[in-house]
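> Make a model of this:
(chains A and B)
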Amino acid sequence: MSAILHVQGLSKRFGGFVALDGIDLEVQPGERLGLIGPNGSGKSTLVNCICGTLQNETGSVAFDGNVVDGLAAHERTHRGLARSFQLPRPFPSLTLADNLRIPMLYTVHKRAGTPLHAENVEARCAELLQMVGLANKGNHRPRDLTQVEMRKLELARAMAAEPKLLIADESMAGLSHSEIEDILALLVKLNESGITIILIEHIMTAVMSFSQRLAVLVSGKKIADGKPQDVVRDPEVVRAYLGE
Amino acid sequence: MAPFTLIAIAVATAVFLVIREPNIEYLFVAGYTIVQYIVLATAWNILGGYTGYVNFGSAAFFAMGAYSTVALVTFGNEIDELVPESLAPIFHLIFPLSIPTLIVIGGVVSGIVGFGMGYLTLRLRGAFFAIATLAMAVVLQTLVVNWEFVGGSGGAYIVRPGEFPGLGSYMQYLFALMLALAVLAIVTARAIERSRLGYGFAAIRDDELAAEASGVPTLRLKLVATTISGALMGMAGAPFPYYIGYLQPQSAFGLEYAVNSIAMPMIGGTMSWVGPLVGTLLLGTLQQVANVTISSAVNLLLVGLLLIGFVIVAPNGIVGLVQDRLRARRAK
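Residues are numbered from 1 along each chain as shown, chains lettered A, B, ... in the order given. As a prediction, this is how the structure comes out:
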């Protein structure tokens, strides 16, 4: 089976600082990949380079069989790459339903080639809100939400674009145990519906229970990639997290 | 035609007939200014209110429309000197251009300027974008001041015909045209608001990064906004030389156009087409009253005071204030 995401020799520098240094990464369709690494190791930069928010200097990113280098973020979204942001970035002046409407109008609409019917958009909004447990808040604005609801909205908006690959960037940071369970269950459900998921997370219990495979970034380099149980016992990974 | 368009046309017609009734020429002169600001404020709001990009250069777009008219009228007057004799008859057939044609041309010119400005500056955000638009206005004004063909710094006279056949004074005709433009601007703004484009604009206003991630082509949409907004401002400016009779750069690029086109939507509310309309009716009328009763210099002072007041008391404008009240009452 050919990889849905193929990152090859990807590097990114900010001035003299090398944020990413020759990253290679493959993700298979339907896979659940965990991506971990200490603070400042380049996880978010990698996400930004994959999604087009930042453009990488060297190396290349191929998605679904096509090289996407140089494409703007919205074009990559149109091709089926969606992400959630580490700090939720809702559209504050729009209701929750309208927050979800944006990716539908601009991505699904575009992909379908024909205008979506207003009722279909309406129904899909309701369905997504139902899925993340915000069904009764469709007319509320993001400022009325709690932190966990905000994360759910963030995921729902990413899902509204009907992606093939979802990158969830620390969607559980700062949440309580039961809230983490909530989000994890949601992600597993999405994965079961056929969406490939890359989970970036600090919370190890969550990553370990979710991931089928684990990749570790340290100082812009990928130092390990494999079965979660093996990776966490890897001496290099242990050293990166705990020191000598 | 959509019901809203019909209603807007009906309202504009009613306004025209009511103002016509007392047969006082001054009402048309004052009314023209107010309706012109409805167009400018609505146009400003398409970029400033919907996408959140504050344009300080409205006067430049307005002036580009006005000076397109001056250039074309001057050209029409001097066809025999400027054009080879063999071609002159053809040009005499086309010129002088009617004002509706000049409005369309003014719109195209300012639309192109808007597109160009957008292309050059839209990678800038917030205050930097606002400063760039201000700089663009200064550059364009300098160009016009040094362009002798349209009168340079000395200005240009445009002779306004006394009568418009079948309607009455020419001022009535200009007023009717401006009302039509206001209908066009408001119908456009409302259509945008309720369309896919409107949702895209709102996404840009709220969070550009998230908009991109949701698949919104932010750069392209911002260009659409600067072009539509610029074109409408240019259309508002095109008949202005006929209104004022004597146009000079200082008046066409006047500060009051830039300030009023920002202040009126801010006072009315920037989230919907209603805001600029309400803000203009309030502020524009107040300015006209102050013009007559106190002095024309009080205008900008009024704007300043009201703007400060609204920023403190009702940051979302009158429309926002009313919506908040209604929501609060419903919650009770």
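> residue ranges with poor pLDDT in chain B?
The model of chain B has pLDDT under 70 over residues B:1, B:332.
> interface residues of it facing chain A?
B:196, B:199-200, B:202-203, B:205-207, B:209-219, B:271 (C-beta under 8 Å from any C-beta of the partner chain). C-betas here are computed from N, CA, C, even on glycine.
> 6 Å instead, please
B:196, B:199, B:202-203, B:206-207, B:210, B:212-217 (C-beta under 6 Å from any C-beta of the partner chain).
> can you redo the residues you listed as CSV with secondary structure and neighbour count?
Shown next, in CSV, are the residues of chain B next to chain A (DSSP: H, G, I helix; E, B strand; the rest coil; neighbours: other C-beta atoms under 10 Å in any protein chain shown):
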residue, secondary structure, neighbour count
B:Arg196, helix, 18
B:Tyr199, helix, 24
B:Ala202, helix, 24
B:Ala203, helix, 30
B:Asp206, helix, 20
B:Asp207, coil, 18
B:Ala210, helix, 23
B:Glu212, helix, 24
B:Ala213, helix, 30
B:Ser214, coil, 31
B:Gly215, coil, 30
B:Val216, coil, 27
B:Pro217, coil, 21
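> Rebuild the residues you listed as JSON lines, extending it with distance to B:Leu223.
Formatted as JSON lines, the residues of chain B next to chain A follow (distance: C-beta to C-beta, whole Å):
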{"residue": "B:Arg196", "distance to B:Leu223": "16"}
{"residue": "B:Tyr199", "distance to B:Leu223": "17"}
{"residue": "B:Ala202", "distance to B:Leu223": "17"}
{"residue": "B:Ala203", "distance to B:Leu223": "16"}
{"residue": "B:Asp206", "distance to B:Leu223": "19"}
{"residue": "B:Asp207", "distance to B:Leu223": "19"}
{"residue": "B:Ala210", "distance to B:Leu223": "20"}
{"residue": "B:Glu212", "distance to B:Leu223": "15"}
{"residue": "B:Ala213", "distance to B:Leu223": "20"}
{"residue": "B:Ser214", "distance to B:Leu223": "19"}
{"residue": "B:Gly215", "distance to B:Leu223": "17"}
{"residue": "B:Val216", "distance to B:Leu223": "13"}
{"residue": "B:Pro217", "distance to B:Leu223": "10"}
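> can you give me the strands in chain B?
In chain B, the segments counted as strands under DSSP state E are B:156-157, B:163-164, B:168-169, B:246-247.
> wait, which of those is closest to A:Leu20?
strand B:246-247 (57.9 Å; C-beta to C-beta).
> Quick one: distance of the closest one to the chain centre.
18 Å (C-alpha atoms, centre = their mean, to the nearest Å).
> Give me the helices and strands touching it, please.
Judged by 3 or more C-beta pairs under 6 Å, 6 or more residues apart in numbering or on different chains; DSSP states H and E, strand B:246-247 is in contact with no other helix or strand.
> Touching it from outside, list them.
B:Ala66, B:Val70, B:Gly155, B:Ala156, B:Tyr157, B:Pro241 (C-beta atoms under 6 Å, 6 or more residues apart in numbering or on different chains).
> wait, what's in contact with A:Trp10?
Trp isn't right for residue A:10; it's Leu. With contact taken as C-beta under 6 Å, 6+ apart, A:Leu10 is in contact with A:Leu20, A:Ile23, A:Asn56, A:Gly59.
> mind redoing it with 7 Å?
A:Leu20, A:Ile23, A:Cys49, A:Asn56, A:Gly59, A:Val61 (C-beta atoms under 7 Å, 6 or more residues apart in numbering or on different chains).
> Not counting its neighbours along the chain, what's nearest the residue in chain A positioned nearest to chain B?
The nearest approach of chain A to chain B comes at A:Thr107, 3.4 Å away (C-beta to the nearest C-beta). Using C-beta to C-beta, 6 or more residues apart in numbering or on different chains and skipping residues adjacent in sequence, the residue nearest A:Thr107 is B:Gly215, 3.4 Å away.
> now do B:Gly279
That would be B:Gly268: by C-beta to C-beta, 6+ apart, it lies 2.6 Å from B:Gly279.
> Distance-wise, check the one you found relative to A:Leu105.
From B:Gly268 across to A:Leu105, the span is 27 Å (C-beta to C-beta, to the nearest Å).
> May I ask you to confirm that A:Glu162 is in contact with A:Val108?
Yes. Using C-beta atoms under 7 Å, A:Glu162 is in contact with A:Val108, at 5.4 Å.
> would you say A:Arg13 is within a helix?
No. Assessed with DSSP: H, G, I helix; E, B strand; the rest coil, A:Arg13 is strand; it does not lie in a helix.
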